[in-house]
Structures are given as structure tokens and as C-alpha cells.
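Asker: Sharing a model prediction with you, sequence too.
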Protein chains: 2
Amino acid sequence: MAQSDTVDRILDAAEELFAERGFSETSLRMITSKAKVNLAAVNYHFGSKNALIHAVFARFLSPFSATLETAFDDLEERCGGNPPTLNQTLWALTESAVRMPQRNDRGISIFMRLLGLAYTQSQGHLRKFLEQEYSQPFGRFMRLLKEATPELSSVDRYWRIQFMLGATAFTMSSSDALRDILQNKTGVETSVQEIAARLVPFLAAGMQAPDKLLTPPPESKVSVA
Amino acid sequence: MAQSDTVDRILDAAEELFAERGFSETSLRMITSKAKVNLAAVNYHFGSKNALIHAVFARFLSPFSATLETAFDDLEERCGGNPPTLNQTLWALTESAVRMPQRNDRGISIFMRLLGLAYTQSQGHLRKFLEQEYSQPFGRFMRLLKEATPELSSVDRYWRIQFMLGATAFTMSSSDALRDILQNKTGVETSVQEIAARLVPFLAAGMQAPDKLLTPPPESKVSVA
DNA sequence: GTCTGTTTGAAACATACGTTTGAAGCGCGG
DNA sequence: CCGCGCTTCAAACGTATGTTTCAAACAGAC
């Protein structure tokens, strides 16, 4: 291709390997040999391994971020002044993720897994990069969530958002494995879209759970060993 | 103490470092220098780094597993034949975790964070170790969940359990950080117990969400970039 | 006190990593 | 054809890792 396809081959290989093995556990040598390029190419084109990680994220996060912004625009316009509901907000998010232009059939899975890893493998530099690069759509999502759940105290909302993020990031980060397990056990095939379709109602219900509900642990006489 | 406290010092240091940095990112040299023991001591007493990781888990998972079993025994006895409710089951679990005999004040946080990491940093050997070592209480928990949610199809239940695990593991694995953020933003202090008290209702509500509820994405005209 | 098995200690080993180097190869305008 | 950017390549560098080695220190039994 026009602009040296070496850089794309590296990004493709890195994306896939990062997704299936994590960042620290993936060496530049694995990446370059999978991409069939010279080892030095990574440092030549990207500067460092960390910069490569950033580039991998930027490649799919930037289009996603744009798609998401227009989805939120549409949503807010459609609601004309009234704040969108929780369900609508969550759907706008998952729809944007699912509709992303894919490089290949596993695109969505990789995308999800990488996002999960980003949250999970607390690589300081990655977190910083994502925060300062994509703070706008993230902040907007938070604002929409806030307007959609006015009945929650901000502390309650804070924790429940963390729970949502957790359920999402975790599930998505191992969606491939979970799908395979289910497939083996029951023969049921599951698409990422279906997982999302099950996840959203779960999240919405949890988010709107009756109350802090400080259920006293029901009279347990557990004798601690 | 009697049986060389070297091994305990190593376990203490390893536990703490693993919890705050992850497994691959923690070197044996960090561990041994924090524990003030010789580098070779790890390989002498445990055999390998992986075996050390297993030992760290076994040290708190075995008592926990025992505590959990008696909690489930109590619960089932108290229900006399009837299957315990979802709330009861979840509470039995979190109660057991919280009531664990602690080595120090941060014990619970470390415990939680390690569990989160175990699920999250897909170290093949760890997963295998945990599966074959603690399959019994885990399987029992699954059975209780199944009996507490007979209205769910097994596929629905499967996914919702994953969502619960995700919310829990993720939240717990970063509970320290999340607590600090909230503290800085609002000045509110939060104990692990309080997090659990907020998490359980969230999980229960999500688990019992109305239905698969295949909400059609509400008429979006998103133009994908 | 001496012997024996266990534990510690300092040093080295082999390997893997991210990164750098400098020469070779390439495409292209002059 | 030459010369000049950009890119590729093989090789090396420096560092960090997990693990091994073997001698010294130790503790308890006789």
C-alpha cells in the first residue's frame, strides 16, 4: 500500500496478541515475527512499546469515539430537551460499539477485550493516555448517566457506575472464552450483539435497584474457623 | 517462630506486592528485598515463582473456603429443605469474605484485589490451580444460585452470573483506588463492608432483571463515520 | 564437642526483554 | 548514473528476570 504497510501489519499483529495475552506478556519479538517484519521496525515507526500500545488503542478508539458522539447527538436531539433514559443511553453506547466498522469478523471481540484489559491491567501510562485523549466522550456519558438517574445519591451512583463498568469490562474482556465455554456446555452459539442485549437489561436493573437496601445479613450464626 | 518465619515473611511481602502490582510485574527480587530474605529463599522454600503465587492464594483461600462451606451449611439448615433465596446466598458469600480472620487491617482489600487479579490476569497456571483446588465450594455456590433463580433459563443464568462475577471482581480488584477517588472527590470514607452492602443489591437486581428484554435499539439513525 | 540435616548467603548462570546501532536496500528526482 | 531520504535488516547492547550453585551458618541429637 501507499504508506508502508509495515506499520499496519505491526498494528494488526499487536492488536491480536495484546488481546489474547495482555501487554506485559506480549513481547515485541512475538509481534514482529507474527507481523513478519524486522524487530527494529516497531521502535523505528512507533518509538517504543508503550507508544505502540497507544497507537493500537487510538486506531479503534478514535473512530469509536466519533461514532459515539454522533450517537449521543442524535439521542439528545430525539429527546428534545428531556434527558434520555438510562436504557436509551446504554443502548446508544452498545449500538455504537457494535456498529463500528470492523477490520475482520473478530473485530468486536478484540475491541472489547482490549478495552477490558485497559481497565484491568493497570498500566499507568495507558490509563493516562486514555484519560487525556478520550475524556470528552467519557465525560459526556457520565453526564447522561447522571441525568438518567436523578433519584440516586451521587455516592450511590458512583458505586453503581463502577459495578456497571466492571460487569461490562470483565465480560467483554473474556467474551471469547465465555462464549466457547457456553458453546461446549450447551451447544448454544452467541454473538457479541446477543451478549450486549443481555448485558444492558442487567445493568439497567442493577442501576435502578430499589435502594441502598442495607439488608442486615440475615441472622447468621457462622462460627469462623 | 517455630517453622522458619522466612516462608511467612515471603508470603506477606508477595501478597502485598502482587496485590498492588500484579504478578508478572512483581519480581522475586522485589519480594525478597521487601521480605528481607535472600533471593534464593523463594526457590528453596516454594520451588518456583508460580508455586509461590499458588501458595499466596492457598493461604487465604483455604480458610475462606472452609468458612464459606459452614456458612452455606448454616444457610441450608436454616432454610430446612427450601432453597435459600438469591439475597441470602449472596449475603452468605460476602459475609464469609468479610468475616475472614484478617492478618492486618488491609487484609480484606488485598484478599479482594488478589481474587480480582486471579480472574483478570489470565495466568493459565493460576486458573488451573484454582479450578482444581477450589471447585467444590465454587460448584456449590453455583448450585445455590441455580436454585435461587429457577425462573431463568440456563443460558440467561449463565450470562448473568458472568456479569455478577465481573462487577464483583472488577470492583474488588480496584476497590482501593476507587475508594481513594471517591474520598478525594467527596470526602466520603468507604469501608469494604459498605461496598459489599451496595454491591449485593445491585447484583440481586440485575440477576432478577425483568427478562431478556430484547429492547430494540430505539430507532437510531446513527450514521456510522 | 561433633556430626547431620536443614536453612541461609553471595555469586553466578542462562535467557529474555526493549532498545540502539550502522550498514545495506530501495525509490526517485536530478 | 548519481545522490539523497526513507525504510529494512542483522547484530549487538545493556538490563532484568527466574533459577541454580555451592559454601557457610545454624540447630538439635548423640
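Answerer: Noted; the coordinates are in hand.
Asker: any idea how far residue A:143 is from chain B?
Answerer: The span separating residue A:143 from chain B equals 15 Å under the rule CB to the nearest CB, to the nearest Å. For the C-beta atoms, the positions are set from N, CA and C on the backbone; glycine is no exception.
Asker: residues making contact with the helix or strand hosting that residue?
Answerer: When secondary structure is defined using DSSP states H and E, the element that contains residue A:143 is helix A:135-148. Where contact means CB atoms under 8 Å, 6 or more residues apart in numbering or on different chains, the residues beyond helix A:135-148 that reach it are A:65, A:68-69, A:72, A:83-86, A:88-89, A:93, A:154, A:157, A:161.
Asker: before we move on, what about stretch A:54-69?
Answerer: Taking CB under 8 Å, 6+ apart as the criterion, the residues outside stretch A:54-69 that touch it are A:11, A:14-15, A:18, A:46, A:92-93, A:96-97, A:99-101, A:111, A:114, A:118, A:125-126, A:129-130, A:133-134, A:136-137, A:140-141, B:222, B:224-225.
Asker: Could you confirm whether the longest helix belonging to chain A reaches DNA strand C?
Answerer: Secondary structure of chain A per DSSP state H: the longest helix is helix A:49-79. Yes: using CB under 7 Å from any atom of the strand as the criterion, contacts between helix A:49-79 and DNA strand C involve A:49-50.
Asker: Next secondary structure element downstream of that helix?
Answerer: The element immediately downstream of helix A:49-79 (helix or strand, assigned by DSSP H and E) is helix A:86-99.
Asker: got the CA coordinates for that next one in PDB?
Answerer: The C-alpha atoms that make up helix A:86-99 are tabulated as PDB, following Å, rounded to 0.1, in the frame of the first residue of the first chain:
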ATOM      1  CA  LEU A  86     -31.000   5.100  31.200                       C
ATOM      2  CA  ASN A  87     -31.900   2.400  28.700                       C
ATOM      3  CA  GLN A  88     -31.500   4.800  25.800                       C
ATOM      4  CA  THR A  89     -28.100   5.900  27.000                       C
ATOM      5  CA  LEU A  90     -26.800   2.400  27.500                       C
ATOM      6  CA  TRP A  91     -28.200   1.400  24.100                       C
ATOM      7  CA  ALA A  92     -26.600   4.300  22.400                       C
ATOM      8  CA  LEU A  93     -23.300   3.100  23.800                       C
ATOM      9  CA  THR A  94     -23.600  -0.500  22.900                       C
ATOM     10  CA  GLU A  95     -25.000   0.300  19.500                       C
ATOM     11  CA  SER A  96     -22.000   2.500  18.700                       C
ATOM     12  CA  ALA A  97     -19.700  -0.300  19.700                       C
ATOM     13  CA  VAL A  98     -21.400  -2.900  17.700                       C
ATOM     14  CA  ARG A  99     -21.800  -0.800  14.600                       C
END
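Asker: what's the angle between it and helix A:49-79?
Answerer: With axes from the mean of the first three to the mean of the last three CA atoms, to 10 degrees as the basis, helix A:86-99 and helix A:49-79 are set at 130 degrees to each other.
Asker: and helix A:86-99, what other elements does it pack with?
Answerer: Other elements packing on helix A:86-99 under the criterion 3 or more CB pairs under 8 Å, 6 or more residues apart in numbering or on different chains; DSSP states H and E are helix A:49-79, helix A:107-120, helix A:135-148, helix A:192-207.
Asker: Take the contacts of helix A:135-148 and write them to JSON lines, including distance to DNA strand D.
Answerer: Rendered in JSON lines, the data for the contacts of helix A:135-148 read as follows (distance: CB to the nearest atom of the strand, whole Å):
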{"residue": "A:65", "distance to DNA strand D": "27"}
{"residue": "A:68", "distance to DNA strand D": "32"}
{"residue": "A:69", "distance to DNA strand D": "31"}
{"residue": "A:72", "distance to DNA strand D": "37"}
{"residue": "A:83", "distance to DNA strand D": "48"}
{"residue": "A:84", "distance to DNA strand D": "45"}
{"residue": "A:85", "distance to DNA strand D": "49"}
{"residue": "A:86", "distance to DNA strand D": "45"}
{"residue": "A:88", "distance to DNA strand D": "45"}
{"residue": "A:89", "distance to DNA strand D": "43"}
{"residue": "A:93", "distance to DNA strand D": "37"}
{"residue": "A:154", "distance to DNA strand D": "41"}
{"residue": "A:157", "distance to DNA strand D": "40"}
{"residue": "A:161", "distance to DNA strand D": "35"}
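Asker: and which of these is nearest residue B:168?
Answerer: residue A:161 (15.0 Å; CB to CB).
Asker: OK, contacts around the closest one?
Answerer: When contacts are counted by CB under 8 Å, 6+ apart, residue A:161 touches A:142, A:145.
Asker: Looking at per-residue confidence, what score does it get?
Answerer: Reported pLDDT at residue A:161 in the predicted model: 93.
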